[in-house]
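Colleague: Sequence first, predicted model second:
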Amino acid sequence: MHRPMDEPADGAIPSAVRPHPDEPPGLRPGGPAAAAGTLPDPARVDPAVLAALLARHGWRRRGGAAGRYSRWTPPGASAAAGGATSLLVPGTGAFPDSEDLLGEALTALARSAAPSARDILVSLAVPSDEIRWWREAPEPAAGVGAASWTGAERLHGAARQILLAGALAVRGRAGYHGARHRRRALAALDGVLIGPAPGGRDLTAFVPVETGRPVAVRLHHALHATREAVDYQRATGGMDAFDSAVAAGVSRELTEAVVALVRGSEGAGIALEWAPAAGTPDGCPARPEPVEFSPGDLPALRRAGARYLRDEPAVPVRITGAVVRMRRSGPRGAGIVRLRVLAGAEVPHVRLELDEEAYRIAGHAHLVGLPVRVEGRLESRGGFRRLTRTSQVVPVQVDDAERDRLMKSLQENVDHFEEACTGE
């Protein structure tokens with residue numbers, strides 16, 4: 001009876017690394033693995049999670065002692081290739097030398113030239129859901145790199161837009177978000193790491209489970225709802241499916257992002273994989289199907305985006321804000337005021353037109369370092385940055401610290417008030 005080539009005759013678990021290169025070509029400063037910090041602590045690595053990540057990224061299992069260890073080789077490596085790096089992963093963390101073997105396996109990953117090795121290290125260091133985008137772009141002309149560069153830029157931009165659309169949908173369901181919730185949505189993406197693939201046609205985002213899983217879950221539902229709504233529109237001509245898809249997180253921001261991903265390509269797609277360490281979220285399949293779009297989907301997506309923009313209603317609000325700019329055409333009459341929003345709406349600034357008396361109240365409030373409170377309707381036109389039908393403009397008392405901060409803002413923006421006073 002012959003033993004497998006990688007199983008020793010005496011039954012001992014062999015070294016995790018074959019061979020062990022002298023220099024680590026896989027880790028580079030500023031890359032995804034570097035961003036996650038140093039190598040993960042072997043004591044905190046679950047061998048089952050490592051094995052699941054290796055399988056996900058195309059590493060091949062090539063034998064091992066059942067229940068004790070498994071040997072893995074990188075994608076494309078031949079079993080007969082003696083110079084190929086291989087990893088030895090213990091079956092569980094219960095063996096006395098499991099931690100040592102995991103440490104050797106992690107070091108081998110850091111030294112591996114396989115691009116997927118960096119992605120695996122990131123997922124081990126920070127348990128993350130992985131979102132991958134790809135574009136099927138025409139081959140650039142021989143000797144010309146501009147097309148490839150442009151395609152990579154489009155891929156990065158569209159990926160950022162799609163992540164932001166998912167984060168906005170977590171903050172609230174709307175056909176059009178505009179400037180609402182944008183600051184908090186961007187803050188929710190602070191921990192996301194990006195790992196580009198060679199060639200600029202693929203891009204992977206690592207979304208930390210602890211802070212970003214709601215975004216990944218919402219994107220999963222929203223992207224599939226978008227695909228279904230597009231299919232319905234192309235089959236029937238009706239847009240009703242896009243209306244109901246808002247409940248799943250679909251919005252103008254998402255449809256525009258998908259348009260940006262597909263435009264100029266022969267097709268594009270998004271795939272999502274859950275972090276093995278965290279398991280499958282409720283209401284989601286363990287292995288979500290990739291969502292793909294083609295240039296033929298663009299008319300439906302554009303129509304949906306225009307529909308969302310047109311149909312999103314104005315929102316009645318009561319805003320407290322600090323006056324940061326005032327302007328009118330003469331020394332008397334109505335004028336335009338810009339407020340930095342402190343409370344009442346999830347937007348950073350709003351612009352409103354006030355009659356002469358309300359304009360005077362806003363100016364005096366700012367001169368003494370007080371914010372104002374105003375009621376009105378936050379209009380979707382302009383991205384929910386305009387307040388109309390304003391009323392009840394009154395100064396609001398604040399504590400000394402906030403008052404000092406507002407007075408400092410006045411000093412920094414005094415030129416705008418000089419313009420207002422001179423009527424320029």
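Modeller: Sure, I can see it.

Colleague: now stretch 262-279: how far from the chain's centre is it?
Modeller: For stretch 262-279, the separation from the chain centroid amounts to 12 Å (computed by CA atoms, centre = their mean, to the nearest Å).

Colleague: who does the helix or strand hosting L50 touch, helix- and strand-wise?
Modeller: Per DSSP states H and E: L50 is located in helix 47-56. When contacts are defined as 3 or more CB pairs under 8 Å, 6 or more residues apart in numbering; DSSP states H and E, helix 47-56 packs onto strand 60-61, strand 69-73, strand 87-90, helix 98-111, helix 115-125. To be clear about C-beta, it is placed using only N, CA and C from the backbone, and glycine gets the same treatment.

Colleague: Flag every buried residue along it.
Modeller: 47, 49-54, 56 (16 or more other CB atoms under 10 Å).

Colleague: Residues in contact with that helix: which ones?
Modeller: 61, 70, 72, 87, 89-93, 98, 102, 105, 120, 123-124, 273, 276-277 (CB atoms under 8 Å, 6 or more residues apart in numbering).

Colleague: low pLDDT regions in the stretch 251-400 of the chain?
Modeller: 400 (pLDDT under 70).

Colleague: try 80
Modeller: 382, 398-400 (pLDDT under 80).

Colleague: repeat for the stretch 101-250 of the chain
Modeller: 113, 115, 137-151, 195-201.

Colleague: show me the biggest strand of this protein in terms of residues.
Modeller: strand 315-327 (DSSP state E).

Colleague: and that strand, what does it pack onto?
Modeller: Against strand 315-327 (3+ CB pairs under 8 Å, 6+ apart) you get strand 335-343, strand 349-354, helix 356-367, strand 372-379, strand 386-395, helix 400-412, helix 414-422.

Colleague: so what's the most centrally placed residue in the chain up against?
Modeller: In the chain, the residue lying closest to the centroid (CA atoms, centre = their mean) is L163, at 3.1 Å. Neighbouring residues of L163 by CB under 8 Å, 6+ apart: 131, 189, 192, 205, 207, 215, 219.

Colleague: If you drop the residues flanking it in sequence, what lies closest to the last one?
Modeller: The shortest distance from L219 to any residue that is not its chain neighbour, by CB to CB, 6 or more residues apart in numbering, is 3.7 Å, and that residue is G166.

Colleague: Tell me how far the one helix or strand the one you found maps to lies from the chain's centre.
Modeller: When elements are assigned from DSSP H and E, G166 belongs to helix 146-171. Distance of helix 146-171 from its chain centroid, counting by CA atoms, centre = their mean, is 9 Å.

Colleague: Check stretch 290-307 too.
Modeller: With CA atoms, centre = their mean, you get 20 Å for stretch 290-307.

Colleague: try stretch 99-119
Modeller: Per CA atoms, centre = their mean, the centroid offset for stretch 99-119 relative to its chain is 26 Å.

Colleague: So which bits of that stretch are buried?
Modeller: 99, 101-112, 114-119.

Colleague: helices or strands next to the helix or strand following the helix holding G166 in the packing?
Modeller: Going down the chain from helix 146-171, the next helix or strand is helix 182-188, by DSSP H and E. Judged by 3+ CB pairs under 8 Å, 6+ apart, the packing partners of helix 182-188 are helix 146-171, helix 209-236.

Colleague: May I see the ones you listed arranged in TSV, with distance to D243 as well?
Modeller: Listed next are the helices and strands packed on helix 182-188 as TSV, based on distance: least, CB to CB, whole Å:
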stretch	distance to D243
helix 146-171	15
helix 209-236	9
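
Colleague: which one of the ones you listed lies closest to P316?
Modeller: helix 146-171 (18.9 Å; CB to CB).

Colleague: and the contacts of helix 47-56, which are buried?
Modeller: 70, 72, 87, 89-91, 93, 98, 102, 105, 120, 123-124, 273, 276-277.

Colleague: Identify the farthest-apart pair in those.
Modeller: Counting by CB to CB, the most remote pair of those is S98 and E273, 25.4 Å apart.

Colleague: ok, so of the buried ones among the contacts of helix 47-56, who is nearest A306?
Modeller: Looking across these and measuring by CB to CB, the closest to A306 is E273, at 33.2 Å.
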